[in-house]
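Asks: Fold the following and give me the result.
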Amino acid sequence: MANNVFDLAELRKLIDEQAAVPPRPPQEPPAAAEHEALTFPPVQLAPDAELAAIIPRVPLVADAIRLTRWTGERAVTPEGLLPAPEAEAAAAELGVDAARLRLVWIVAVNTGLLQILAGRVSRGPLRLQLTVEATLEFWDGVVMDVLDRADEGLTGSAVVDEHLAEMLATVYSVRSGVAIANLARGILQSHEVACEPGAAEMRRLAASLPAELLDALALLDYCGLVEQTAAGRTALTPLGVWAIRRDLLREGHDAPTTAEVEVYADLSAAELVEALVKGEATQSAVAGWLERRPPARAAHDLIEIAAQGTAGQRGAVGAILEELGPEAEAPVREALALPLMRRYAASWLHIRDLQAPKLSPEDHTWIAVDALAALMHLSKPIAGRLDTPEPGEDLIRLVGDMPAVGHPDTIAVLDMLAGAHDDKVVVKAARKAAMKARSLAHTKLG
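Replies: A predicted model of the protein is given here:
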């Protein structure tokens, strides 16, 4: 969302709490994950025609239309706003306060309901007798205008504006709605991590935030984005779901519809893995696929593919296996006997506090090579991304260790690092290691 950064650790924690699902394995720290793509639960969108019919009745949109009619043609300030006396008259006519009037004005001008030329405002080119598709595009523009105002004090609460993106993403993730107390707690946790305020500041925020959040939610209700459920929780409206999904997609997140996910639910394990490797399916397809299979059977079929497949297939399989809990232990434990899967199986078992053999430093290096090799097979990184290690001494050491671990893709990975890395020291180390790996390969052949 516009100019906002997701605090992934806190967002995932809050989503898990609200949805009452088992916690995920520990995630990387927020500072390292700022640009990671999130996978959101699939949503059922209302029909386009139904959504388009609602848009003119959204209070913000209705007021923008009324303001357009009231304004007619008149002079504006150098900043492109109504002069103060006329702004007061418009606010009284519309029954809104000055802060909301400014938002209504911005929406009316930016969407083309009004236009400003040579210091005068007049009726703009947009007419609301639009097609369904054009009406939804208009609505998308309205919501973008609203969210863009977070940097300028949209809600009247600096802390809510700062964390508006993650708050709306959280509500999007929990279709049954989120209790206001939990929203407040999530915002406070995110603010503490991102801004590191002192204890006194946190106490002040904890005392003031509930009232500020209520005012903010009232504004978002006015904008047509949120509503209160019968249970008193905050949920997105059907128009809110449509618009926030659009915004999440723009930010590169995986936010599918139910129909998009169901396409993959009945595929075989091999077909799903192929779709993931080719980038035709995203991680969001995995949950629906797993729901239709016993965990042990799903793990068995996936491991069978990975044990004989490419690094890209192992990357895809590994991402799916991470969604399974201890109920898949038996087939994963059997994978300890498979050369290409034993390290992944041991790691999977360790993460879930299940008995497993200890991995050696060489094993960890082999996994690093395999993860980098997967990049050469995948059209899109599984679960958002697969990163190369950070440059520095650790990466130089890792590159130097790669030739000795016997991974079939070692030379290709080293050539990739030598050709694509932007650190000259890493490039030099990768070239040197690639020469060593080729020498070892020739020695074995001889």
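
Asks: Make sure residue 227 is indeed in a helix.
Replies: No: inclusion of residue 227 in a helix is not indicated when DSSP: H, G, I helix; E, B strand; the rest coil is applied; the result is strand.

Asks: Hmm, it is touching residue 220, no?
Replies: No: Residue 227 is not in contact with residue 220 according to C-beta atoms under 8 Å; the separation is 9.2 Å. Using the backbone N, CA and C atoms, a C-beta is placed for each residue, glycine as well.

Asks: Give the residue from these two that has the larger number of neighbours.
Replies: More crowded of residue 227 and residue 220, by other C-beta atoms under 10 Å: residue 220, with 25 against 17.

Asks: and that one, what helix or strand is that in?
Replies: helix 199-222 (DSSP states H and E).

Asks: can I get the CA coordinates of that helix in PDB?
Replies: What follows is helix 199-222 as a C-alpha-only set of coordinates in PDB (Å, rounded to 0.1, in the frame of the first residue of the first chain):
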ATOM      1  CA  ALA A 199       8.000   3.300  27.600                       C
ATOM      2  CA  ALA A 200       6.400   6.600  28.300                       C
ATOM      3  CA  GLU A 201       5.400   7.100  24.600                       C
ATOM      4  CA  MET A 202       4.000   3.600  24.500                       C
ATOM      5  CA  ARG A 203       1.900   4.200  27.600                       C
ATOM      6  CA  ARG A 204       0.600   7.400  26.000                       C
ATOM      7  CA  LEU A 205      -0.300   5.600  22.700                       C
ATOM      8  CA  ALA A 206      -1.900   2.700  24.500                       C
ATOM      9  CA  ALA A 207      -4.200   5.200  26.300                       C
ATOM     10  CA  SER A 208      -5.100   7.400  23.300                       C
ATOM     11  CA  LEU A 209      -5.200   4.800  20.500                       C
ATOM     12  CA  PRO A 210      -8.600   3.100  21.200                       C
ATOM     13  CA  ALA A 211     -10.400   6.400  20.700                       C
ATOM     14  CA  GLU A 212      -8.300   7.400  17.700                       C
ATOM     15  CA  LEU A 213      -8.900   4.000  16.100                       C
ATOM     16  CA  LEU A 214     -12.700   4.400  16.500                       C
ATOM     17  CA  ASP A 215     -12.500   7.700  14.700                       C
ATOM     18  CA  ALA A 216     -10.300   6.200  12.000                       C
ATOM     19  CA  LEU A 217     -12.700   3.300  11.500                       C
ATOM     20  CA  ALA A 218     -15.600   5.700  11.300                       C
ATOM     21  CA  LEU A 219     -13.700   7.500   8.400                       C
ATOM     22  CA  LEU A 220     -13.000   4.200   6.600                       C
ATOM     23  CA  ASP A 221     -16.700   3.400   7.000                       C
ATOM     24  CA  TYR A 222     -17.500   6.700   5.400                       C
END
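
Asks: which residues of the protein fall in strands?
Replies: Counting by DSSP state E, the chain has strands at residues 74-75, 114-117, 120-123, 226-228, 234-236.

Asks: Model confidence for residue 31, exactly?
Replies: For residue 31, the pLDDT comes out at 35.

Asks: With residue 384 instead?
Replies: pLDDT for residue 384: 36.

Asks: again with residue 201
Replies: The model reports residue 201 with a pLDDT of 80.

Asks: Kind regards, and thank you for your time.
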